[in-house]
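*Asks:* The amino acid sequence is not available; the structure is as follows:
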């Protein structure tokens with residue numbers, strides 16, 4: 001764990017799954033994050049964790065190669081760490097969406113807006129992109145209409 005970026009938080013052992021190399025991966029990843037979020041008694045109308053998970057997994061599908069793995073862990077105070085590992089050592093690239101109705105180019109912007117912290121690190125087999133969302137974070141409880149209006 002990179003303590004400089006993630007602070008001194010200590011997380012419980014993660015729940016992890018291998019992600020398929022298919023368009024189903026974001027849906028599967030969102031499902032796990034939503035299930036864990038509910039299990040931990042977090043706000044179920046908070047879309048930030050599943051939206052960010054979908055963005056990070058989609059980027060891994062588009063810009064890397066298998067194997068891909070999702071891990072989610074909780075810190076005792078409630079902060080949640082989501083990590084997506086893949087086999088490419090290339091770091092995420094901030095892309096600028098030039099078209100208002102473009103389907104891409106907003107992933108890092110969303111991480112900047114909705115995560116408490118996020119980052120990436122090179123591993124021995126590729127990289128890991130991670131983000132942390134805490135109870136009461138500025139985007140807690142954001143719903144679809146608020147997310148669309150902020151873009």
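*Replies:* Thanks, I have the structure now. Model, not experiment: these values are computed from the prediction.
*Asks:* per-residue pLDDT, the residue nearest the centre of the chain?
*Replies:* Here the mean C-alpha position of the chain is nearest to the C-alpha of residue 53 (Cα atoms, centre = their mean), at a distance of 3.5 Å. Looking at residue 53, its pLDDT stands at 95.
*Asks:* Now do the buried residues in the helix or strand hosting it.
*Replies:* Secondary structure assigned from DSSP states H and E places residue 53 in helix 48-63. Of the residues in helix 48-63, 48-61 count as buried by neighbour count, 16 or more other Cβ atoms under 10 Å. Every residue, glycine included, has its C-beta placed from N, CA and C.
*Asks:* helices and strands around the following helix or strand past that helix, which ones?
*Replies:* The C-terminal neighbour of helix 48-63 among helices and strands, as given by DSSP H and E, is strand 68-74. Counting contacts by 3 or more Cβ pairs under 8 Å, 6 or more residues apart in numbering; DSSP states H and E, strand 68-74 is packed against strand 15-19, helix 25-39, helix 48-63, strand 80-86.
*Asks:* Go over the secondary structure and confirm residue 9 is in a strand.
*Replies:* No: under DSSP: H, G, I helix; E, B strand; the rest coil, residue 9 falls outside any strand and is assigned coil.
*Asks:* show me the contacts for the residue nearest to it when sequence neighbours are not counted.
*Replies:* Among residues not flanking residue 9 along the chain, residue 75 sits closest, at 4.7 Å (Cβ to Cβ, 6 or more residues apart in numbering). Contact analysis of residue 75 by Cβ atoms under 8 Å, 6 or more residues apart in numbering lists 9, 10, 11, 12, 81.
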